[in-house]
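**Student:** predicted model follows, preceded by the sequence.
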Amino acid sequence: MELALASAKPSPRAAAGASPPPLLFSPLKPFPLLRFPPRPRRPAAARLRLRLRAAAESGAGGETSSPGEAVFGARRELTGIQPLVEALPPAARTAAELAVAAAAVAAGYGIGLRAGGGSRAVAVAGAAVLGAASVAGAAAVNAVVPEVAAVGLHNYVAGHDDPTNLDNGEVEAIANKYGVSTQDEAFKAELCDLYARYVYSVLPPGDEDLKGTEVQAIIKFKRALGLDDVDAANMHMEIGRRIYRERLETSDRDADMEQRRAFQKLIYVSNLVFGDASAFLLPWKRLFGVTDSQIDIAMRENAKSLYSVQLKSIGRGLDIDTLIDVRRAQLAYKLSDEIAAEMFREHVKKLVQENISSALDILKSRIPDSLTQAVEEVNIVIKFNSLLTTLSKHPQADRFARGLGPISLAGEHDHDRRANDLKILYKAYATEVLSDGIVDDEKLSPLNELRNIFGLGKRETEGILSDVKAHIYRKTLAKSFNTELASVPSKAAFLQILCEKLQFDPELASKMHEEIYRQKLQQFVADGELSKEEVEALMAFQVRLCIPQETVDAAHTEICGQLFEKVVKEAIASVDGYNADRREAVRKAAQSLNLKPEAAMAIFSKAVRKLFLSYIQRAKEAGNRIETAKELKKLISFNIVVVSELLADIKGEISPVAETEASSAASESEGEDDEHEWESLDTLRKTRPDKELKEKLRKSSQKEITLKDDIPLRDRAELYETYLMFCITGETTNVSFGTAISTKKDDSEFLMLKQLGDILGLTRKEAQDVHIKFAEKAFVQQAEVILADGKLTEAKADQLAKIQKQVGLPTENAQKIIKGITTTKLSSAIEASVARGQIGIQQVRGLREANFQLDSLIAEPQRESIYRKTVEEIFSSGTGDFDEEEMYVKIPADLIISSEKAKSIVQDIAKVRLENSLVQAIALLRQKKRDDVVSSLNDMLACDAAVPASQPLSWPTPGELDDLYAIYLKSIPRPEKLSRLQYLLGISNEKANKIRDAASEGSLPIAAEEKEELAF
């Protein structure tokens, strides 16, 4: 656009009477932005439609407006003398002003000369008046020049096709055209108004995002206008005031949020426009009360919005130039590296997720070659991830966009929800990659990379790979089973090579072989038996798959055993009993299912023991001993009639009768020596039947299936004892009048008792213990009555011997019971005697000599009491002797007390009695009982011997201590005792010598008193 377009000539719309709009902003003081109508709160698409419609209507009317008018307003019209001023250039205007001034002076001079009658003074005055008027007019014209220049600038910018292409030279040319300065108030105000209108138009509404070109456009326009930063910053603040005021005036929440976002965009763009100077040029906090955190949020959110648009240029085909451009954009947007890196990673994750979603859709569509197409999508993801990893290690990586590196979907909010889909895709990819049956590092590397991309755990992927390998291994095995595997000499080597190629765990391969064998076995035994061909086929599977014999046996035991168990249960639970048809079915099942005898026995034993336990449970729940015995009797009969017969058929052995005779003969010879000493037990002897009873009970029970491992020994012994009591007492029958009679019993019950012991799994020793316990219980009940007083007389001994013979209890056991009873009774009597103080150390030693267990007869507190009493007796004996060996060794050993405890007791008693003995001696002295005084002093010396005193004893009357010493001296004691007494009484050597001299001369005061008493 040429400079001539700056002419402010009237336009056609000016002829219609349109008044020029005032300035939008004031550069010096706040100015309400009410001249622009508020932005319509419509979506961007709606605004675009309205603009297009307005443009179409204006085009239809024949009137066109430049883009600048939409931003800066319509052209302004000149009024008054403004058109004249605009028409004259500065030089012509100056010349005209001079010419007018000269003409005015000349005219004034002429008028004055004529009016003044030729007076020169009047002529000069007239010239001065008209000259002054012309100067005033020139001044008025010059005053309008800045306004005309401002209108010319406005019209030039408004008529510009692209305001962003405005150059600073054009603005300077306009100012020079009118001969004004750009710092002129009116011209500068217009510059500020144009700048503010442009900034306001560049900022998008609150519901639209920044495009990224706003900052550079504003900076370029500001430079073109030649505005300094201070004036431009004031315009930014004025825009902020308008947005802030609009936000306060609105009552709509959506409008409020829109204005808030618009204000944030203003802060962001303004801070970027002024750079570091924005800290003091843009007082956001002071004028609008915003905080630093709010400013940071505005900067961050708008930068993120712009950067997200920039990231759209990044696709799966990365190139270095694009990454460098993105990095430059990040720096220009003032976005931190951390946020930029996070946004970059989220962007590439979205790209990866698009491929993943596409691959999953292809897999689920079931279209032809769906697996191949899905794998292609996954390969794109892997290649993209490899490219990101490579670029992150590039030498110039610091110039690239932040966030380069391997992708990982772990940690995403919906990762757990999509984990199953990712596993499916991972499994599909692994299946396709490993389909040739060979696993190497070249194939494992992308699989590991894909695992990291999907964010799957190591164990999860290992499980998936294991399943894939197992599927491929099984498929390969089925393909080569009747070809290569059947022909190779070493089956194990072939399978080992197959596992090594797939890197498949041999243990898992062995489990798969077992599973295949079990499936075939289940298929073959579906009809209830195995034919010869099926057995040979199973043998081929076992050989070719190298299945151990133990595994084959276990499979047969479990699978065939279920069928066999069903036949056995039907035979046991048959209502018609174990007839010929049932017997034939059992024999056929045992032979046709190819079960080993041990397996068949294990299955049969499990079924039988389950029924045995049901009998035992009913016996325990019975109301009394008789009912319990009846249930146990049913158990014995079931074992004889059903179980023994079934067992013989399963084993294919001889009849139970012959087997019983052979086994009974062996059992009789076995253990005969062990039971010889218990022949006196009548109940035990009856369990071995004689020939007559054997003829009655030809059938005998089996002994292989027992409840030894199913019931604890204590419960088994209790059941055995219950039936033993039934064998002894027999069955009772209630008759009228509340009486009961016992039915007749014979020794056959004892034979059934032995069979019950076999069923319960009791050994001979355990059965003997039950019989012995029963006999001991009977003997104890009667012996406690006889020995109620604890005394064993000769008559009572004879009576107990008869009872012992009746119950068949050995003499040793009977004596042990008798001794236990008497010991218990004696212990009670001894405890009572100890409580009464009738037992001392001598009686205790007598009990030990009689071989009584003292610790069981007398409790430890009572033994300590006896020891305490003995110590007190020694400290009150009056001998003055204390034997440490006797007190600390012998007596504690007799009473079974520790030496430390004994010393503690002695010391406690001696400390108390030491001073008490002195007090007692003084009291006896005052009572003139001199012999007792000597005894008390000896007791004091004995206590001192046990616990030597560290200092002499104190007494308020020293004369009485002298008298004690004199009396003890007169008793002619041992020198060491006398010396120790002298120390305890605190008598000096000088005084002791005087007392001894007086005693030798017979002049002791004590002696004089004795003579007086004798004389009296």
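**Tutor:** Thanks, I have it. Numbering: from 1, shown residues only.

**Student:** name the helices or strands packed onto the one helix or strand K765 maps to?
**Tutor:** Taking DSSP states H and E as the definition, one finds K765 inside helix 764-786. Applying 3 or more C-beta pairs under 8 Å, 6 or more residues apart in numbering; DSSP states H and E, one finds that helix 764-786 contacts helix 682-685, helix 713-729, helix 794-807, helix 811-836. In short, each C-beta sits where N, CA and C put it, glycine included.

**Student:** tell me if F564 really is in a helix.
**Tutor:** Yes: remark: F564 belongs to a helix, assigned using DSSP: H, G, I helix; E, B strand; the rest coil.

**Student:** the chain should start at 53 in everything you say after this.
**Tutor:** Yep, numbering from 53; the last one is F616 now.

**Student:** distance of it from A606?
**Tutor:** According to C-beta to C-beta, to the nearest Å, F616 and A606 sit 15 Å apart.

**Student:** following the host helix or strand of K527, which helix or strand shows up next?
**Tutor:** According to DSSP H and E, K527 maps onto helix 510-532. Elements were assigned by DSSP H and E; along the chain past helix 510-532, the next helix or strand is helix 536-539.

**Student:** give the buried residues for that next one.
**Tutor:** L537 (16 or more other C-beta atoms under 10 Å).

**Student:** just to revisit the earlier point, where among the helices and strands packed on helix 816-838 is average confidence lowest?
**Tutor:** Between these, the lowest average pLDDT goes to helix 734-737, which shows a mean of 53.

**Student:** just checking, what packs against the helix or strand where V282 lies?
**Tutor:** In the assignment (DSSP H and E), V282 maps to helix 281-301. Here helix 281-301 touches helix 237-254, helix 305-326, helix 330-333, helix 336-340, going by 3+ C-beta pairs under 8 Å, 6+ apart.

**Student:** show me what counts as buried in the second one.
**Tutor:** Yep, that's helix 305-326 we're talking about. In helix 305-326, counting by 16+ other C-beta under 10 Å, buried: 307, 310-311, 313-326.

**Student:** send the alpha carbons of stretch 951-971 over as CSV?
**Tutor:** Output in CSV follows, covering the C-alpha atoms of stretch 951-971 (Å, rounded to 0.1, in the frame of the first residue of the first chain):
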residue,chain,number,x,y,z
SER,A,951,22.4,-74.6,99.4
GLU,A,952,21.7,-71.0,98.3
LYS,A,953,18.2,-71.2,99.7
ALA,A,954,19.5,-72.7,102.9
LYS,A,955,22.1,-69.9,103.4
SER,A,956,19.4,-67.3,102.7
ILE,A,957,17.2,-68.8,105.5
VAL,A,958,20.0,-69.0,108.0
GLN,A,959,21.2,-65.5,107.4
ASP,A,960,17.7,-64.0,107.7
ILE,A,961,17.1,-65.8,111.0
ALA,A,962,20.6,-65.1,112.4
LYS,A,963,20.4,-61.3,111.8
VAL,A,964,17.1,-61.1,113.7
ARG,A,965,18.1,-63.3,116.6
LEU,A,966,21.5,-61.8,117.1
GLU,A,967,20.1,-58.6,118.8
ASN,A,968,17.2,-60.5,120.3
SER,A,969,19.6,-62.8,122.1
LEU,A,970,21.3,-59.7,123.7
VAL,A,971,18.0,-58.3,124.8
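
**Student:** now what about that stretch, what contacts it?
**Tutor:** Outside stretch 951-971, the residues that touch it by C-beta atoms under 8 Å, 6 or more residues apart in numbering are 916, 919-920, 923-924, 927-928, 939-941, 943-944, 988-989, 991-992, 995-996, 998-999, 1001, 1005, 1007, 1036.

**Student:** put the buried members of these into a PyMOL selection.
**Tutor:** Only the buried entries of the contacts of stretch 951-971 go into this PyMOL selection, using 16+ other C-beta under 10 Å:
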select buried, resi 916+919+923+927+928+939+940+943+944+988+989+991+992+995+996+998+999+1001+1005+1007+1036
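
**Student:** among the contacts of stretch 951-971, which lie within helices?
**Tutor:** 916, 919-920, 923-924, 927, 943-944, 988-989, 991-992, 995-996, 998, 1036 (DSSP state H).

**Student:** element containing the closest residue to K386 other than its chain neighbours?
**Tutor:** Distances taken as C-beta to C-beta, 6 or more residues apart in numbering place A355 nearest to K386, at 5.7 Å, with adjacent residues excluded. Taking DSSP H and E as the criterion, A355 maps to helix 344-363.

**Student:** specify the angle between the next helix or strand after that helix and helix 344-363 in degrees.
**Tutor:** The helix or strand immediately downstream of helix 344-363 is helix 372-384, counting by DSSP H and E. With axes from the mean of the first three to the mean of the last three C-alpha atoms, to 10 degrees applied, the angle from helix 372-384 to helix 344-363 works out at 160 degrees.

**Student:** quick check: next helix or strand after helix 372-384?
**Tutor:** helix 389-417.

**Student:** contacts for the helix or strand following that following helix, please.
**Tutor:** From helix 389-417 onward toward the C-terminus, using DSSP H and E, the following helix or strand is helix 422-444. Helix 422-444 is contacted from outside by 368, 370, 372, 375, 400, 403-404, 407-408, 410-412, 414-415, 419, 449, 452, 456-459, 477, 480-481, 483-485, 498, 501-502, 505, using C-beta under 8 Å, 6+ apart.

**Student:** tell me the buried residues in helix 422-444?
**Tutor:** 422-423, 425-427, 429-434, 436-437, 440, 443.

**Student:** surely I270 touches V254?
**Tutor:** Yes: using C-beta atoms under 8 Å, I270 is in contact with V254, at 6.0 Å.

**Student:** tell me, what's touching these two both at once?
**Tutor:** V321.

**Student:** quick revisit: and the helix holding V282, what's buried?
**Tutor:** Buried, per 16+ other C-beta under 10 Å, within helix 281-301: 283-296, 298-299.

**Student:** can you check stretch 603-610 too?
**Tutor:** T603, V604, A607, H608, T609.

**Student:** mean confidence for it?
**Tutor:** Here the average pLDDT along stretch 603-610 is 82.

**Student:** do stretch 229-240 as well
**Tutor:** Mean predicted confidence for stretch 229-240 is 78.

**Student:** mark out where each domain of the protein begins and ends.
**Tutor:** Annotated domains of the chain cover 119-227, 397-446+468-616, 653-703+747-814, 891-1059 [the TED database].

**Student:** in TSV, list the ones you listed along with distance to T265.
**Tutor:** As requested, the domains of the chain are exported to TSV (distance: least, C-beta to C-beta, whole Å):
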stretch	distance to T265
domain 119-227	9
domain 397-446+468-616	21
domain 653-703+747-814	87
domain 891-1059	100
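
**Student:** which one of those lies closest to V822?
**Tutor:** Counting by C-beta to C-beta, V822 lies closest to domain 653-703+747-814 out of the domains of the chain; the figure is 5.1 Å.

**Student:** distance across the closest one, terminal residue to terminal residue?
**Tutor:** Length of domain 653-703+747-814, first residue to last, C-alpha to C-alpha, to the nearest Å: 20 Å.

**Student:** rewinding a little: from the buried residues of stretch 603-610, which land in strands?
**Tutor:** Assignment to strands by DSSP state E places none of these there.

**Student:** just the residues you listed: which are in helices?
**Tutor:** Among those, the members found in helices (DSSP H) are T603, V604, A607, H608, T609.

**Student:** distance check, the fourth one against T374.
**Tutor:** I take that to be H608. For H608 relative to T374 (C-beta to C-beta), the value is 69 Å.

**Student:** and for the last one?
**Tutor:** Between T609 and T374 the distance is 70 Å, computed by C-beta to C-beta.

**Student:** which intervals of the stretch 53-202 of the chain have sub-threshold pLDDT?
**Tutor:** Segments of the stretch 53-202 of the chain classed as low confidence (criterion: pLDDT under 70) are 53-120, 130-197.
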